[in-house]
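Student: mind looking at a prediction? Sequence and model below.
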Protein chains: 2
Amino acid sequence: MKPLFLGFGNAANVILKELEGYIQDFYYFDEKNVTSSKGKKLEKFFIPDDCSFVVECASVEAVKEYYRDIIISNKDFYILSTGAFADENFRNDFFRFIENSTSKIYIPSGAIGGIDVINAIKKYIEKVVLRTRKPPKAFSRDDKEKMLIFSGDSIEAIKRFPKNTNVSVTLALSVGDFRKVHVEIYSDPKVEKNIHEVEVVSSVGNYKFIFSNNPSNNPKTSLLAPLSLAALIKKNFENVKIGG
Amino acid sequence: MKPLFLGFGNAANVILKELEGYIQDFYYFDEKNVTSSKGKKLEKFFIPDDCSFVVECASVEAVKEYYRDIIISNKDFYILSTGAFADENFRNDFFRFIENSTSKIYIPSGAIGGIDVINAIKKYIEKVVLRTRKPPKAFSRDDKEKMLIFSGDSIEAIKRFPKNTNVSVTLALSVGDFRKVHVEIYSDPKVEKNIHEVEVVSSVGNYKFIFSNNPSNNPKTSLLAPLSLAALIKKNFENVKIGG
C-alpha cells in the first residue's frame, strides 16, 4: 500500500511506524513544509493516481480544505481531526458530498473507545455522558478540590472547550445525535493525566468506560488516537477482523 | 443483500430485524428444522451462489462443521459463536485455511466492547483482566457475600466455565495471546445481572470497561451480542464508518 499523509507531524510518524511491513512507499503533504528522508513529498496538495488512500493527521482546517478533492478522487479517507464534524454546515456538506463517491470514510475511535458498543446499541441509547477530568493547570486554574467547570450538551461543550472537541465529536457521531451526548468537565487536583469517562444508559444494558491515556510526544494529544487510526488501516488489510 | 443464516433462532431474528431495509431476501439453515414465513429454507447446508455472505448464529459445533465450506465459497463469514476459537487445534486450522481464500472473517465484539481500544494498543498491552460477576444462582450456589470462585488465565477459565467462553475468547483473540488474559469469576449476591469488567494495563494508558447487559429473549445470551454482529454488517455497507 502507498498512502498519502495529509499532515506529516508526530501523529503521521506514529502511524507510519505502526504500519511498518504494510506500507511499501508513501506520499506526504504538510503545509508547514516538513521534509522527511523517506516517502515522496508533495509541494502542492493533490491526489496522485497511484496512492492507495489518504490519511489526514493535520488539522480540522485541512479536513475542510481538502475533503472535496479526496472524495472526488474516490480514494478512501481516514480522518484523525474528527473535530471538523463539530461544524454542522461542514458536516451536512460532507455527508451530502460523499453520496456520489465510492470513497469510504474512516473515523477512528481516537482517544477513546467503546465505540463498538455504541454502534451496536445506537437505536436503544437513552443517554450518553462524557465526563472529562483534567488537572487544574490544564484550565489555568488552581483548584484545591474537584470542581465541575462545565455541564451541558456536546454542542455547547465544543464551543466552550475546543481542546476536547475530537472526543465529543467522535462520541456524538457514533450516537448519531449531538444533543444526546451530555458533557461534564472537571478540574481535578487529584488527577495527573486527562481522564475521560463515558457512561451509556440504554435499554440493552448500561456501560461505563474509563480512559486514562498517556500523552504522546505531542503533549496535546494522546498516543491512543493515532494508534487507533493505524489499527483501522491494518484491519482493512486483514482477512480476519476482530471487534467492531 | 441476501445473507445466509447458519442457525435461525433468537439471535438470527434479532439480526434480521436490525437489518430491515438492508436485506432484500435471505437463506436460512437450522439443524433444529425451524421454519420461517420469510426467507428461503435450506434443507441441507450449502452455500447458494447468489448469497452475499454467511452469518453464523447457531453454535460452536456449527462453526467447526461448516467453516471449510464457507471459506471455500469465498463468501464473507460473520461469526457469533466465537467460543469455537477456544479450541487451539481448530483455531490453527481455521487461520491456515483462510489464507487461501478471499473470504473476510468478521468476529464482532459480542457481549462486550472496547475491542477498538485493544486492537489499537495490542502491542503495548501488559495485562488484561476480565472480571465477571454473576448472581450466586448462576453457579448453583447460595453465597451471602461476594466470593471469588475462579482466578486463572483465559485457557483455564474456558475449560472450567464454558458458559463464559465467547467473551473470554473474543478478548483473547483481540489481545492476540490467550495467556495474557487473566480471568476472575465472582459469585455475587449483590448483582442481578451478569456484569463483565475488563481492565487493560498498557504503556499507552490504562482502561476499564464495565458491561452490565440485559438478557435477550434467550436468557443465556445478552442482546448486545447479536446487535453487535448486526452493526458490523451495517458498517460494511455504509460509506462513513465510525469507530474501530
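Tutor: That came through, no problem.
Student: so which elements touch the worst-scoring helix or strand of chain A on mean pLDDT?
Tutor: One helix or strand of chain A scores below all others by mean pLDDT, DSSP states H and E: helix A:154-160, with a mean of 91. Applying 3 or more Cβ pairs under 8 Å, 6 or more residues apart in numbering or on different chains; DSSP states H and E, we find helix A:154-160 packed against strand A:147-153, helix A:165-175, strand A:181-187. (C-beta placed from N, C-alpha, C; glycine too.)
Student: can I get those in CSV with mean pLDDT?
Tutor: Shown next, in CSV, are the helices and strands packed on helix A:154-160 (pLDDT from 0 to 100):
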stretch, mean pLDDT
strand A:147-153, 96
helix A:165-175, 94
strand A:181-187, 96
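Student: flag every buried residue along the least confident helix or strand of chain A.
Tutor: Within helix A:154-160, the residues that count as buried by 16 or more other Cβ atoms under 10 Å in any protein chain shown are A:Ser154, A:Ile155, A:Glu156, A:Ala157, A:Ile158.
Student: relative to A:Tyr28, which of those is nearest.
Tutor: A:Ile158 (29.0 Å; Cβ to Cβ).
Student: OK, contacts around the closest one?
Tutor: A:Gly83, A:Ala86, A:Asn164, A:Thr165, A:Ser168, A:Val169 (Cβ atoms under 8 Å, 6 or more residues apart in numbering or on different chains).
Student: that older thread, ok, which of the helices and strands packed on helix A:154-160 comes nearest chain B?
Tutor: helix A:165-175 (4.8 Å; Cβ to the nearest Cβ).
Student: when you scan that closest one, is anything in it near chain B?
Tutor: Yes: for helix A:165-175, a contact with chain B is found by Cβ under 8 Å from any Cβ of the partner chain, at A:Thr170, A:Leu173, A:Ser174.
Student: most neighbours among those, which one is it?
Tutor: A:Thr170 (27 neighbours; other Cβ atoms under 10 Å in any protein chain shown).
Student: so what's that one up against?
Tutor: A:Thr82, A:Ile107, A:Pro108, A:Ser109, A:Gly110, A:Ile112, A:Ile115, B:Ile242, B:Gly243.
Student: try 6 Å this time
Tutor: Going by Cβ atoms under 6 Å, 6 or more residues apart in numbering or on different chains, A:Thr170 touches A:Thr82, A:Gly110.
Student: any idea how far A:Asp116 is from it?
Tutor: 12 Å (Cβ to Cβ, to the nearest Å).
Student: same question for A:Val198.
Tutor: 12 Å.
Student: neighbour count: the two, which is higher?
Tutor: A:Asp116 (28 against 24).
Student: so A:Arg179 touches A:Glu156, yeah?
Tutor: No: applying Cβ atoms under 6 Å as the test, A:Arg179 and A:Glu156 come out as separate, 9.9 Å apart.
Student: next, give phi and psi for the residue of chain A most remote from its centre.
Tutor: In terms of distance from the mean C-alpha position of chain A, A:Lys144 ranks first, at 31.8 Å (Cα atoms, centre = their mean). Phi and psi for A:Lys144, reported as degrees, to the nearest 10, are phi -90, psi -20.
Student: ok, it to A:Ala84 distance?
Tutor: In terms of Cβ to Cβ, A:Lys144 sits 37 Å off from A:Ala84.
Student: swap in A:Thr221?
Tutor: 15 Å.
Student: now A:Pro48
Tutor: 23 Å.
Student: same thing with A:Ala225?
Tutor: 14 Å.
Student: please identify which of these two sits among more neighbours.
Tutor: Remark: of A:Ala225 and A:Ala84, A:Ala225 carries more neighbours, 26 against 23, as counted by other Cβ under 10 Å.
Student: residues in contact with that one?
Tutor: Neighbouring residues of A:Ala225 by Cβ under 6 Å, 6+ apart: A:Gly110, A:Ala111.
Student: in what helix or strand does it lie?
Tutor: Here A:Ala225, judged by DSSP states H and E, is contained in helix A:224-236.
Student: mean confidence for that helix?
Tutor: The pLDDT scores in helix A:224-236 average 97.
Student: and the angle for that helix with helix A:165-175?
Tutor: Interaxial angle of helix A:224-236 relative to helix A:165-175 (axes from the mean of the first three to the mean of the last three Cα atoms, to 10 degrees): 40 degrees.
Student: run the chain-centre distance for helix A:224-236.
Tutor: 11 Å (Cα atoms, centre = their mean, to the nearest Å).
Student: kindly export that helix (C-alpha atoms) in CSV.
Tutor: Provided in CSV are the C-alpha atoms of helix A:224-236 (Å, rounded to 0.1, in the frame of the first residue of the first chain):
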residue,chain,number,x,y,z
LEU,A,224,-4.1,6.2,21.6
ALA,A,225,-5.6,8.4,18.8
PRO,A,226,-3.0,7.8,16.1
LEU,A,227,-2.7,4.1,17.2
SER,A,228,-6.4,3.8,16.7
LEU,A,229,-6.2,5.1,13.2
ALA,A,230,-3.3,2.8,12.4
ALA,A,231,-5.2,-0.2,13.7
LEU,A,232,-8.1,0.7,11.5
ILE,A,233,-5.9,0.7,8.4
LYS,A,234,-4.4,-2.7,9.4
LYS,A,235,-7.8,-4.2,10.0
ASN,A,236,-8.8,-3.3,6.4
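Student: from A:Asn214, how far off is the closest residue to the residue farthest from the centre of chain A other than its chain neighbours?
Tutor: Closest residue to A:Lys144 apart from its sequence neighbours, by Cβ to Cβ, 6 or more residues apart in numbering or on different chains: A:Pro189 at 6.0 Å. Separation of A:Pro189 from A:Asn214 (Cβ to Cβ): 19 Å.
Student: then A:Lys44?
Tutor: Distance from A:Lys44 to A:Asn214, by Cβ to Cβ: 36 Å.
Student: between those two, tell me which one has more neighbours.
Tutor: A:Asn214 (15 against 5).
Student: quick one, what contacts the closest residue to that one other than its chain neighbours?
Tutor: Among residues not flanking A:Asn214 along the chain, B:Gly205 sits closest, at 5.0 Å (Cβ to Cβ, 6+ apart). By Cβ under 6 Å, 6+ apart, B:Gly205 lies in contact with A:Ser212, A:Asn213, A:Asn214.
Student: now with 7 Å, please.
Tutor: By Cβ atoms under 7 Å, 6 or more residues apart in numbering or on different chains, the contact set of B:Gly205 is A:Phe211, A:Ser212, A:Asn213, A:Asn214, A:Ser222, A:Leu224.
Student: let me see the domain layout of chain A.
Tutor: Under the assignment automatic domain parsing, the domains of chain A span A:4-111+A:223-236, A:115-212.
Student: of all those, which one is nearest B:Asn236?
Tutor: Smallest distance to B:Asn236 across the domains of chain A (Cβ to Cβ): 9.8 Å, for domain A:4-111+A:223-236.
Student: what distance separates the start and the end of that closest one?
Tutor: 16 Å (Cα to Cα, to the nearest Å).
Student: all helices of chain A, in order?
Tutor: Under the criterion DSSP state H, helices of chain A are mapped to A:10-18, A:60-72, A:88-98, A:115-121, A:154-160, A:165-175, A:224-236.
Student: any idea how far the fourth one is from the chain center?
Tutor: This means helix A:115-121. With Cα atoms, centre = their mean, you get 16 Å for helix A:115-121.
Student: and that helix, C-alpha only, in CSV?
Tutor: The C-alpha coordinates for helix A:115-121 follow below in CSV (Å, rounded to 0.1, in the frame of the first residue of the first chain):
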residue,chain,number,x,y,z
ILE,A,115,-17.5,2.9,20.0
ASP,A,116,-18.1,-0.7,19.1
VAL,A,117,-20.8,-0.9,21.8
ILE,A,118,-22.3,2.5,20.9
ASN,A,119,-22.6,1.5,17.2
ALA,A,120,-24.3,-1.7,18.3
ILE,A,121,-26.9,-0.1,20.5
